[in-house]
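Colleague: structure, please.
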Amino acid sequence: MAAKKNNKGYTAVIIVLVIVLAAVAGFSGYSYVQNDVNGNRNRKSENTIYISDSSSQYDVGQKLLAGEIINSDTIWDYWMNKHYPDFKYPAGEYYLNSSMSYEEIAKALETPDISHKTISVCIPEGYDIFDIATALEENGICSGQDFLNACKTKENYDYSFISEIPDSDTIAYPLEGFLFPATYDMEENTDAAEVVNQMLRAFADRISENWRAYCSENDMSLYELVTLASVVEKETLGEGVAENISSVFINRLNKGQQLQSDVTIDYGNALRSNGFDDNVVTSYNTCKCAALPSGPICNPGVANINAVVNHNDSDYFYFFSYNNGADFFFTDSYEAFSSKWEELKHTNTN
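Modeller: Residues are numbered from 1 along each chain as shown. Modelled structure (predicted):
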């Protein structure tokens, strides 16, 4: 009988110990949860958490944990599901620290310190680098000056066509011409170099075998093709004339004549307004330089690059637009050009 009583006593002690341990564990676990929820984490750390448009609640919890802002992404996920089941995380950068409670973190995550909201930005065909810089700054994507600075170097970008861009002191912006015109979804406050990279990537994706073949057959670099296409782009005001305009310029180049395109003078004036010296400005002026300008004067679309590649086989050497750009006159004779210009120039009122 004594043995049985001892066994019962031993069992009772074990049960009591288990209950005590469970209580201690429960209290410890509860304290751990409450401390994390209330911001009592026994450390001082701060971090910048980046949240993109595609970030899920799980992603956010992982970022908070990795940034040592919270102790448990599991507790965070449970707490958010209970208190903010429909919470939307705006894209941006958030400055957070480990002393913040879950409630304070949730409130902070409603408004980013630096917004990265996605904005649709249209870059039309024929925009030059200054037009693009203005559009980006107006939409809050990046500073216009930062964009211009990022386009002054080709060292930070890894595309095969970059190697074809000459190293020359007379080229104002080596990446002009390759900033592909399109509608982009861009985040606010993006690094300018990343914006440039996105545009260069879009151009690289559109390089065709026809472009390469044309360059090879005509002893022309892709850079020269894009340069010529940029002049055609700025001269082309209507539909169906780009192939004829291309033929005029190609005929002049083949004969060793100057292009004499007024739109290149306009670009040179823009360069001068942005601090470039006469040596650079003159190198873009096709009334002064021997053939092509130093580089592209805008960013042409696929259609006008194709218009150069597939230009009409004509004898045209001269052209002008009239009726405020609605119509074009083409001829192989300077006398016919001059006579027709005197007849029609009054139709251009702008």
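
Colleague: residues in contact with the one helix or strand Ile132 maps to?
Modeller: Under the criterion of DSSP states H and E, Ile132 resides in helix 129-138. Here helix 129-138 makes contact (CB atoms under 8 Å, 6 or more residues apart in numbering) with 121-123, 127, 142-145, 147-148, 151, 173, 175-176, 179, 186, 195, 270, 274, 299. All C-beta atoms are positioned from the backbone trio N, CA, C, and that covers glycine.

Colleague: buried residues of that helix, list them for me.
Modeller: Buried residues in helix 129-138, counted by 16 or more other CB atoms under 10 Å: 129-133, 135-136.

Colleague: ok, now stretch 88-98?
Modeller: Neighbour-count burial for stretch 88-98 flags 89, 91-92, 94, 96-98 (criterion: 16+ other CB under 10 Å).

Colleague: pull the distance from stretch 315-326 to the chain's centre.
Modeller: Offset of stretch 315-326 from its chain centre (CA atoms, centre = their mean, to the nearest Å): 35 Å.

Colleague: now swap in stretch 114-134 and tell me
Modeller: 8 Å.

Colleague: what distance separates the start and the end of that stretch?
Modeller: Start-to-end span of stretch 114-134 (CA to CA, to the nearest Å) is 21 Å.

Colleague: what's across from the closest residue to Ile114 other than its chain neighbours in the sheet?
Modeller: Once flanking residues are discounted, Ile114 sits nearest to Glu93: 4.1 Å by CB to CB, 6 or more residues apart in numbering. On the basis of DSSP bridges, Glu93 is bridged to Tyr50, Ile114.

Colleague: touching, Glu93 and Asp113? I think so.
Modeller: Yes: with contact defined as CB atoms under 8 Å, Glu93 reaches Asp113; the gap is 5.7 Å.

Colleague: any regions of the stretch 101-250 of the chain where pLDDT drops low?
Modeller: Low-confidence segments of the stretch 101-250 of the chain (pLDDT under 70): 237-239.

Colleague: would you list every one of the strands in it?
Modeller: Assigned by DSSP state E, counting those that start in this stretch, the strands in the stretch 101-250 of the chain fall at 114-115, 118-122, 183-187.

Colleague: tell me which of those sits nearest to Ile245.
Modeller: Nearest to Ile245 among those is strand 118-122 (24.6 Å), distances taken as CB to CB.

Colleague: for Phe337, grab the count of nearby residues.
Modeller: Residues contacting Phe337 under the criterion other CB atoms under 10 Å number 18.

Colleague: so what's the spatially most central residue of the chain up against?
Modeller: A centroid search over the chain (CA atoms, centre = their mean) returns Val195, at 2.6 Å, as the residue closest to the centre. Listed by CB under 8 Å, 6+ apart, the contact partners of Val195 are 136, 141-142, 147, 150, 186.

Colleague: which of those residues sit farthest apart?
Modeller: The most widely separated members of those, counting by CB to CB, are Ala150 and Met186 (13.9 Å).

Colleague: just the buried residues of stretch 88-98 now: which is nearest Ala242?
Modeller: The nearest member of those to Ala242, counting by CB to CB, is Ala91 at 39.7 Å.

Colleague: and the residue lying closest to Asp332 once chain neighbours are set aside, how many neighbours does it have?
Modeller: Distances taken as CB to CB, 6+ apart put Asp315 closest to Asp332, at 4.3 Å, once the chain neighbours are dropped. Asp315: 11 surrounding residues under other CB under 10 Å.

Colleague: Ile165 now?
Modeller: Each residue near Ile165 was counted by other CB under 10 Å, and the total is 21.

Colleague: any idea how far the residue nearest to Ile114 is from Gly61?
Modeller: 17 Å (CB to CB, to the nearest Å).

Colleague: try Asp169
Modeller: 53 Å.

Colleague: comparing these two, which residue is more hemmed in?
Modeller: The residue with more neighbours, out of Asp169 and Gly61, is Gly61; 20 against 10, by other CB under 10 Å.

Colleague: what about that one, which helix or strand?
Modeller: Element membership for Gly61 (DSSP H and E) is helix 57-66.

Colleague: show me what that helix is packed against.
Modeller: Applying 3 or more CB pairs under 8 Å, 6 or more residues apart in numbering; DSSP states H and E, one finds that helix 57-66 makes contact with strand 46-51, helix 73-83.

Colleague: between those, which one is closest to Asp262.
Modeller: Of all these, strand 46-51 sits nearest to Asp262, with 47.3 Å by CB to CB.
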